[in-house]
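Chemist: Test case, fold it:
(one chain, ligands or ions: 4)
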Amino acid sequence: MVVGRRRRSSIALSSLLTLLISLSSTSSAAALPLSTSSRWIVDETGQRVKLACANWVSHLESVVAEGLSRQPLGAISARIASLGFNCVRLTWPLFLATNDPLASLTVRQSFQRLGLADSISGVQANNPEIIDLSLIEAYQAVVSSLGGNDVMVILDNHVTKPGWCCGYNDGNGFFGDQYFDPDLWIDGLTRMAALFNGVGNVVGMSLRNELRGPRQNVKDWYKYMRRGAEAVHASNPDVLVILSGLSYDKDLSFLNLDRPVNLSFSGKLVFELHWYAFTDGSAWASGNPNRVCGQVIGNLNRLSLFLLQRWPLFVSEFGVDQRGTNANDNRYLNCFAGVAADLDFDWALWTLVGSYYLREGVVGRNEYYGALDWNWGEVRNSSLLQRFRALQAPFKGPGLSETAPHKVIFHPATGLCVLRKSLLEPLKLGPCTESEAWNYTPQKILSLKATYFCIQAVEVGKPAKLGITCAGSNSRWDIVSESKMHLSSNTSNGASVCLDVDSNNTIVTSSCKCFSGDNACDPSSQWFKLVESTRSLTATRAFNLLDSILDLPRKGLVSFLSF
Ligand SMILES: *[C@@H]1O[C@H](CO)[C@@H](O)[C@H](O)[C@H]1NC(C)=O
Ligand SMILES: *[C@@H]1O[C@H](CO)[C@@H](O)[C@H](O)[C@H]1NC(C)=O
Ligand SMILES: *[C@@H]1O[C@H](CO)[C@@H](O)[C@H](O)[C@H]1NC(C)=O
Ligand SMILES: *[C@@H]1O[C@H](CO)[C@@H](O)[C@H](O)[C@H]1NC(C)=O
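Modeler: Ligands and ions are numbered 1, 2, ... in the order given. Prediction:
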């Protein structure tokens, strides 16, 4: 009976609530500059800012931000913002800052020397105000256009000598390499930091991309990273100083918590990590996905993720072949998305780029990892982009305590969350922004917070249901398998099942997949992550409001609900 009353009221109130929520969630640009507070990046008001960036390449031979021959700069910047990215990691080669004859070439001259006539006519047509700017002015114009769209920028020193990155022996990998003179590097960082001092949307500098190669060593890492960080801070104290690890930015294990980087300033230090499928070769395609996901996360914890105990860790490159045809990438992405939601780290997608003027000798090369298509006019794969978008908003962090901590039940393969649309409909996947507050109790019950409803297994192949007698084994959910992303229960007649999703996004229970070593098997429909969140919630507000309207004393409700 109470159930029925609640439901009618909630329908009656739903439009009012929708209005309230849309008013309160209108996002506005962060109060810059940014700084750090333990593992969080925060703005001037102390509120968390989650970097949800796209990498935009400007370090190849032409030293022009890619895409300007295909679409107007303003349109690209506006597109970035409309796709929900709040930031761009904009790459640059050191020579742009240290080699004045190069930096003062015009865009036209730079394409001319490379024989890129089509790029000249393309920029002439789409961006006539850029074509005769110098390379450094064109770079500034891109930063400024992004700023005009409230998009923050991280200046990423990607290489020294313009060109595709990163070979083990390409002379750009570590301090002392042919193109990596530490003094020149400090000089370039200093100049770039000074050039953008006072440019509000430049919020950070990545000091050097993917350190690597035969010369890499921990001693020099500390020595030069510290010098680089101090130099940047001295010329521009507003920017976050972002440090890459060794071995292509996958190894930060030498930074154990007792051996920090000694800096003269605080509140600006961020570490960055790169994590792709191919970081682990072809392990994803050839192994059992539960096992590989568990093992890879174990390695990451040891190599880098432990840093989140104290510092922000910016996953500044990750991405997949957006055609969806690379099995290694597809499997990796399901695991990545679970970790990214769970840890709620800052990230930058590789890449925005739809195609390059010239990459590795190929003119007009298509970028299958790119969010935009070859002509930069459309999104390459909108369903995939939806999954990245699901990770853009923070789940938690300083200043975001809109509700008490609770869980959302995140489904990495879709980027959606388990929702209760109404009591009469089965549980479904839907946007995480509409998720209810769930509770995962010590008794392993998945209950709707502040109610007496819990998720129950009914039968193999049938929808899971919300029940109110939560003492039985069909209301207990173990987190199992090597991926720790299966939620397993037993039906009342004793069948072992896992939470799953059918083709209509209805939450069902079915036989658990891929627990044995089967390498051909794909468990991703059964992968869920219980993610801690303090985001404001439609349903929680509805319940709060209803409780007051129905005059249900919350305390009484809570004691009634404690299992
Ligand atoms: C940082 O400074 C502390 C105290 O001066 C010192 O013990 C530590 O070895 C230094 N760490 C590095 C990495 O230089
Ligand atoms: C988008 O990616 C998915 C896999 O995530 C794939 O199935 C689909 O075919 C891709 N679509 C396009 C247009 O490439
Ligand atoms: C399901 O049943 C098995 C076998 O009795 C038991 O080991 C397991 O703990 C049960 N699972 C849950 C979640 O209670
Ligand atoms: C999905 O929905 C369609 C249309 O409502 C229905 O015909 C189909 O049987 C449903 N599929 C499953 C797996 O329930």
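Chemist: need the contact list for the nearest residue to S121 once chain neighbours are set aside.
Modeler: Nearest non-adjacent residue to S121, counting by CB to CB, 6 or more residues apart in numbering: S69, 7.7 Å away. Quick note: C-beta positions are derived from backbone N, CA and C, even for glycine. Residues near S69 by CB atoms under 8 Å, 6 or more residues apart in numbering: D118, S119, I120, S121, G122, V123, N126, N127, Y357.
Chemist: how about a cut-off of 7 Å?
Modeler: S119, G122, V123, N126, Y357 (CB atoms under 7 Å, 6 or more residues apart in numbering).
Chemist: Helix, strand or coil: sort out the second one for me.
Modeler: The three-state label given to G122 by DSSP: H, G, I helix; E, B strand; the rest coil is helix.
Chemist: Need the three-state assignment for the residue nearest to it when sequence neighbours are not counted.
Modeler: Spatially, and ignoring its direct neighbours in sequence, G122 is nearest to S69 (2.7 Å; CB to CB, 6+ apart). Counting by three-state DSSP, the backbone at S69 sits in coil.
Chemist: what's the closest non-adjacent residue to the residue in the stretch 301-450 of the chain that ligand 3 sits nearest to?
Modeler: Across the stretch 301-450 of the chain, no residue is closer to ligand 3 than K444, which sits at 6.4 Å (CB to the nearest ligand atom). Using CB to CB, 6+ apart and skipping residues adjacent in sequence, the residue nearest K444 is R476, 4.7 Å away.
Chemist: Kindly state the beta-bridge partners for that neighbour.
Modeler: R476 forms beta bridges with I445, as assigned by DSSP bridges.
Chemist: Check the separation of the first and last residues in stretch 482-498.
Modeler: With CA to CA, to the nearest Å as the measure, the ends of stretch 482-498 fall 14 Å from one another.
Chemist: so who does the closest residue to ligand 1 within the stretch 251-400 of the chain touch?
Modeler: Of all residues in the stretch 251-400 of the chain, N262 sits closest to ligand 1, at 3.7 Å by CB to the nearest ligand atom. Going by CB under 7 Å, 6+ apart, N262 touches R226.
Chemist: That one in helix, strand or coil?
Modeler: coil.
Chemist: Any regions of this structure where pLDDT drops low?
Modeler: Low-confidence segments of the chain (pLDDT under 70): 1-28, 537-563.
Chemist: Show me it divided up by domain.
Modeler: Domains of the chain are assigned by automatic domain parsing as 35-274+297-325+349-392, 401-562.
Chemist: nearest to P289, of those domains?
Modeler: domain 401-562 (5.7 Å; CB to CB).
Chemist: what about the closest one, near ligand 2?
Modeler: No - Domain 401-562 is not in contact with ligand 2 by CB under 6 Å from any ligand atom; minimum separation 8.9 Å.
Chemist: what about the residue of the stretch 301-450 of the chain closest to ligand 3, how many residues close to it?
Modeler: 14 (other CB atoms under 10 Å).
Chemist: check contacts around it.
Modeler: K444 sits next to R476, W477, D478 when contact means CB under 7 Å, 6+ apart.
Chemist: give me the residue from the stretch 301-450 of the chain nearest ligand 4.
Modeler: For the stretch 301-450 of the chain, CB to the nearest ligand atom, closest residue to ligand 4: P426, 9.5 Å.
Chemist: Can you get me a residue count around that residue?
Modeler: Neighbour tally, P426, other CB under 10 Å: 18.
Chemist: Pretty sure it sits against L466.
Modeler: No - using CB atoms under 7 Å, P426 makes no contact with L466, being 8.8 Å away.
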